[in-house]
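In: Mind looking at a prediction? Sequence and model below.
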Amino acid sequence: MITAILVMIFLAVLLGLVLGYSAIKFKVDGDPMVARIDAILPQTQCGQCGYPGCKPYATAIAKGEADINQCPPGGDTGARALAELMGVEFKPLNEDHGIQKPKSVALIDEATCIGCTLCIQACPVDAILGAAKQMHTIIISECTGCELCLPPCPVDCISMEPVVENSESWKWKYPIYNIQKTQKA
Amino acid sequence: MDNRSPYVVNAPSVSMIMLKVLIALIPGIAIYVYIFGLGVVINIFLASLTVILTESIILSIRKLPIKPFIFDGSGLVAAWLLALSVPSIAPWWIIVLGTALCIIFGKHLYGGLGYNLFNPAMVGYAILLISFPSIMTNWQIPSSLMITHVDWLDQIKIIFNNNLISKDMLDAMSSATPLDYIKTQLTLNQSLNTIQQNKIFGLVGGKGLELINLGYLAGGLYLLKEKIISWHLPVAFLSTLFITALIFNVLAPDTFVSPLFHIMSGGSILCAFFIITDPVSGPTTPRGKIYFAMAIALLVFIIRIFGGYPEGIAFAVLLLNICVPLIDSLTQPRIFGHK
Amino acid sequence: MQLKNIFKFNGGVHPNENKKISTRLPITKLPIPKKIVLPLRQHVGHVAKLKVKPGDHVLKGQMIAEADGNVSASIHAPTSGKVLKISEEIIPHPSGLADFCVTIKPDFKDTWIEKKPIPWKKLDSAQLIRALLQSGIVGLGGAVFPTHMKFKINQNQAINTLVINAAECEPFITCDDMFMRERADEIIQGTLISQTLLLAKECVIGIEDNKVEAYEALKKAAQGTSIQIKVVPTLYPSGDAKRLIYLLMGLEVPKEKRSIDLGIQVFNVATVAAIYRYLELGEPSISRVITITGTVKTPRNYEVLFGTPLSELISDAGGSSNKTKKFIMGGPMMGFDLPSIHVPVTKAMNCVIESSPELFPAPKPVMPCIRCARCADACPVSLQPQELYWFSKSSQLEKAKDYNLFDCIECGCCTYVCPSNIPLVQFYRYAKSEIISQDKAKEAADTARERNEFRLTRIEREKKERAERHAQKALGAQEQKANDEKKSTIAAAMERVKQTQQENIKN
């Protein structure tokens, strides 16, 4: 009886030491979870999730304050990836936050632009060039399509243009099975 | 527009591959019939019928097209192999039940053709062996050894209703397999030499059984020639079995039978060319195939000599089927340009 | 023709060659077409920069688009005429999408621009690469990699062997075969020039043993030179550069490396001939030999100006005998359906096959994979196609990458031998392009994240600076106020003093 208790105590101490040692030895700096969630988010910085950007949303998910299905640009695919990372059940995109749209970029109608710089201040990735009273233009390659520049424009000269597929960005499609034609389901 | 290159293909269909496997079984079956009578053909017929019926029902439940999946022939191959593995004097419901279970549990519950983790025929065999051990170990003795004459009508009677046959006749017709016999006799402290004096032993294996195995061997060589199976599996299996048996035989010739006996009795040849060569449940890499076959051979030998069952092929194959994903991932071949 | 010292690679297949039908007639020059449509993207790399505008008159061989950066190639007018328009036209690409093209209306005078042969013997390597950048020459075997890039050699990568790829392993295609039969001299000249430029010690031409006449022609032309002509067995895909190097030398180009890292450079036969024509005769790359075969009335080889609408080629070859009007660009193993018969001939177009349901029957119903591993036996890269298929099919892209999906050369051998008729290569193409596009999206997201973080720190910094400025200003105002107060106190005091003095005076 006493031996058993002693053995158990000994084991508990030993395991405690091992755990304590590894906690020090393999300590992870920072919060890798936020970074890993952030890596899945599309970095549109659109704020449709209700947070001021992708990183704040990632932090909120990591803290358990936000759900995984609030990111319309990431869509169901993104939600699925987040569900897998967080080890939770997948939820389809919450449409209160918006719906997934095809990737678009903003385009300024340069004839109408009055050069007010309001859109420049709104752009989360500094993708708009221009100065006061000068016409503005968008660096298409940097535009994330977040639409944040649309509301501040006083003359409504910004429109969203969907990105068209060209022969370089074209992708091979998932092959279509022949047998599916004969399949009833 | 479809971009489906290559536009040309040159491959035998799955049906053709399976058909050739069935053809390769015919020499063995023919000798089987010659030695034991028509019982085995009845079993094969029952198994084929069962497999077609069961598959049709399951495919329609799974809402899959029936025609291509019946004609692929993989169900028939499993059914025939199972029919050849059960005693030819077993009652009809044994093979019907076994085939149905093998197709349902061995094949379709895993997703059907191409998805089964285990060799379907061996799943069926293992279920039968565990559930009905006495029936499954009671084999017919060759017609030539029987005192009383048995014709094909008697065999049909045995299979469909063995009450029609006298008890004496039934006993006269059946015996344990040579492997089983050796095992039980050795426990009675008989010497191997005396045991092998029994009439059921032939030149190297069981009387008659060794001839059937030669028939299977011929079929297996045909499959090798047609490139339906790769040489790795049979060569690794038979050589490992032979060498292991040889070592034990040399060390203690009184307790361990000769390696040739191991090769030529039980289902060794059938296993080497027809059972472990099932592509779906086996490994795909050349090295993996060798390890897989060697491990099965070792297990077969261990179960035969030390295990509780007279024949260990089914269990050995099923155990190694579990290891296939591991074997495959550990034996990936070197890719062109890689170290 | 003897097969000697050949190193056989794993797998490979022997599809029906079907080459004889298009080698009966000699190479014919196709007349100048009524319209020339030149896509600006005909090569690997950046789109060429346009140098002409609608209405311009161009001469034959005049550069109409300039290479943009290093990985790019120039485009030249194939004949003289007027630039009609610059517009988006359907190009010969598996996507069937349109891309920017220059349309030229030929004046049928075919006036050459002044030809300037390059004194290549006097040029150093850098000058030569600049010259070749202007030539518009790209790999004519179908890879269309800008050729000048292949002459770029680092100090530590001395070239030992120049390999000339004359294998042409795809069925139906005979353009290189006919080229060798008729213009072996040009090839040998070009080979010698390339060998000199690369400072390569030796040179091997690898040719499949089914091209006897071409072999004889090359042998005759190469007499008296140190060029070695080595026969390799007819086995698809021996024409793949890495497979050819292995066949000839037994060397495997290591993973993620190029042949140049082994001191080997590979050129196609037509490419070296183009190098010869550019350096010695001053003619840029404006035409190529192309095989038209399949069910057209007279399958044969043509020398065609780039930009010629395919329809003109088809009608000259006797037109199509069936109604399907389906054409395949490339060979039957790796080619693709052309979106239209009006697409222009490009630098990549080595062969056009008119297909018919009899020639290339519709694929049979797909059965599940039975893991028979015939595909693994046929794979020239020793991959495990059945595993790659499994991962690609279920879109487990990471896993597919781990199983070396990107080593796959999409040769189609696996599909060729699959008993279950699975379109394996299509799955690999899908998985590859999905991975590439995901990587691109990831890269874009990373830039966006960086830019966003940069902006946030900038805003933060500006805020801080503004706050500091405010603080400073406030401090200044306080001092001012203090000063003012002092002054006013002094003034008040002075006032008081004055008043007192005045009062004193009054008193």
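Out: Arrived safely. Numbering: from 1, shown residues only, chains lettered A, B, ... in the order given.

In: what about the most centrally placed residue in chain A, distance to chain B?
Out: Nearest to the mean C-alpha position of chain A, counting by CA atoms, centre = their mean, stands A:L41 at 1.8 Å. Using CB to the nearest CB, to the nearest Å, one gets 33 Å for the distance from A:L41 to chain B. No exception for glycine: its C-beta is placed from N, CA and C like everyone else's.

In: Stretch B:6-24 near chain A anywhere?
Out: No: applying CB under 8 Å from any CB of the partner chain, one finds stretch B:6-24 separated from chain A by no less than 12.3 Å.

In: If you tally nearby residues, what's the number for the spatially closest residue to the residue nearest to the centre of chain A that is not a sequence neighbour?
Out: By the measure of CB to CB, 6 or more residues apart in numbering or on different chains, the closest residue to A:L41 outside its immediate chain neighbours is A:C54, 4.2 Å from it. Summarising burial for A:C54: neighbours were counted as other CB atoms under 10 Å in any protein chain shown, giving 29.

In: Give me the distance between A:C54 and chain B.
Out: Separation of A:C54 from chain B (CB to the nearest CB) stands at 36 Å.

In: Please verify my assumption that that residue contacts A:Q43.
Out: Yes: the criterion here is CB atoms under 8 Å, and A:C54 meets it with A:Q43 at 5.2 Å.

In: Please enumerate the shared neighbours of those two.
Out: Between them, A:C54 and A:Q43 share the neighbouring residues C:449, C:452, with contact defined by CB atoms under 8 Å, 6 or more residues apart in numbering or on different chains.

In: List the contacts of residue 118.
Out: All of this is about chain A. By CB under 8 Å, 6+ apart, the contact set of A:L118 is A:152-154.

In: other chain: chain C
Out: C:128, C:131, C:278-279, C:282.

In: between the residues you listed, which is nearest chain A?
Out: C:Y278 (27.1 Å; CB to the nearest CB).

In: how distant is the host helix or strand of the closest one from the center of its chain?
Out: When elements are assigned from DSSP states H and E, C:Y278 belongs to helix C:269-281. Computed by CA atoms, centre = their mean, to the nearest Å, the chain-centroid distance of helix C:269-281 equals 19 Å.

In: Who are the packing partners of it?
Out: The elements that helix C:269-281 packs onto, with contact taken as 3 or more CB pairs under 8 Å, 6 or more residues apart in numbering or on different chains; DSSP states H and E, are helix C:125-133, strand C:161-166, helix C:175-198.

In: mind putting those in TSV, mean pLDDT included?
Out: Output for these, formatted as TSV (pLDDT from 0 to 100):
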stretch	mean pLDDT
helix C:125-133	88
strand C:161-166	94
helix C:175-198	94
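
In: So for chain B, which of the ones you listed sits nearest?
Out: strand C:161-166 (16.1 Å).

In: CA atoms of that closest one as CSV?
Out: In CSV, the C-alpha atoms belonging to strand C:161-166 read as follows (Å, rounded to 0.1, in the frame of the first residue of the first chain):
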residue,chain,number,x,y,z
THR,C,161,28.4,19.1,-73.8
LEU,C,162,26.0,20.6,-76.3
VAL,C,163,23.1,18.3,-76.9
ILE,C,164,21.0,18.7,-80.0
ASN,C,165,17.6,17.3,-79.5
ALA,C,166,16.5,15.5,-82.7
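
In: Please identify the pairing partners of it and their relative orientation?
Out: Each strand that strand C:161-166 pairs with, and the sense of that pairing, follows from DSSP bridges: strand C:202-208 (parallel), strand C:264-268 (parallel).

In: any residues touching the last one, and which ones?
Out: This means strand C:264-268. Contacts made with strand C:264-268 from outside it, assessed by CB under 8 Å, 6+ apart, are listed as C:139-141, C:147, C:150, C:159-165, C:176, C:191, C:194, C:198, C:200, C:241, C:244-245, C:249, C:251, C:253, C:259, C:275.

In: Over to the longest one?
Out: Under the criterion CB under 8 Å, 6+ apart, residues C:160-169, C:180, C:191-192, C:195, C:214-215, C:218, C:222, C:226-235, C:238-239, C:244, C:247-249, C:269 lie in contact with strand C:202-208.

In: Kindly calculate the angle that that strand makes with helix C:269-281.
Out: For strand C:202-208 against helix C:269-281, the angle between stretch directions is 130 degrees (axes from the mean of the first three to the mean of the last three CA atoms, to 10 degrees).

In: in strand C:202-208, what counts as buried?
Out: C:203-208 (16 or more other CB atoms under 10 Å in any protein chain shown).

In: out of these, which one sits closest to chain A?
Out: Chain A has its nearest neighbour among the buried residues of strand C:202-208 in C:E208, at 29.4 Å by CB to the nearest CB.
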